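1. give me coordinates for this.
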Amino acid sequence: MTIQQLTNGQRQLLAELAPWQLLALADAPAYWCKHIRDSQGGGTARNGEWRAVGVWRQTYSWGLAMTALGDYMHQRKRDDPAHTVTLTWVEVTRWFESLPAELRADARRSRKADRDAEQPRVVDQILAHGITEPEPTLW
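-> I've put the predicted structure just below:
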């Protein structure tokens, strides 16, 4: 399976989710995307840079976005200029499905065991998936 690529902004958007949500998405993305979508959640950004510019996380029927305040009826579409970054549920599902089987199994065990010390390590591994270090330069 090929690695589904995400931008740095999209990874930061995923990092806005609660750790249990990331672990659940890694375990069963199709099921948990629907659950998170139906919760219609949102909230203040965890990322200090996003808080400073006044955007917050919003859940939409089509996906997730970091967006400007004011969309109280959840009517903005994906291409709305108020969004800083977006992820559709299809993109979320494909990305989590592209995780290696062993990482998805680690996420399942960590989520079900509720091991506080283990969860941050697995979440960090999930968010780092597919990131390649730049080639060192000779000069």
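2. which of the helices and strands in the chain ranks last by mean pLDDT?
-> Lowest by mean pLDDT, DSSP states H and E among the helices and strands of the chain is strand 42-44, with a mean of 87.
3. how many neighbours does the nearest residue to A82 once chain neighbours are set aside have?
-> Closest residue in space to A82, ignoring its immediate chain neighbours: A68 at 4.2 Å, by Cβ to Cβ, 6 or more residues apart in numbering. Yep, even glycine has a C-beta here, placed from its N, CA and C like the rest. Neighbour count for A68, taken as other Cβ atoms under 10 Å: 17.
4. surely A68 meets Q58?
-> No. Proximity of A68 to Q58 does not meet the contact threshold set by Cβ atoms under 8 Å, at 9.4 Å.
5. which residues pair with the residue nearest to A82 across the strands?
-> Following DSSP bridges, A68 is listed with bridge partners V55.
6. from P100, how far out is it?
-> According to Cβ to Cβ, to the nearest Å, A68 and P100 sit 36 Å apart.
7. can you show me the strands along the chain?
-> 42-44, 55-59, 63-68, 83-88 (DSSP state E).
8. between strand 55-59 and the last one, find me the angle.
-> Counting by axes from the mean of the first three to the mean of the last three Cα atoms, to 10 degrees, strand 83-88 lies at 20 degrees to strand 55-59.
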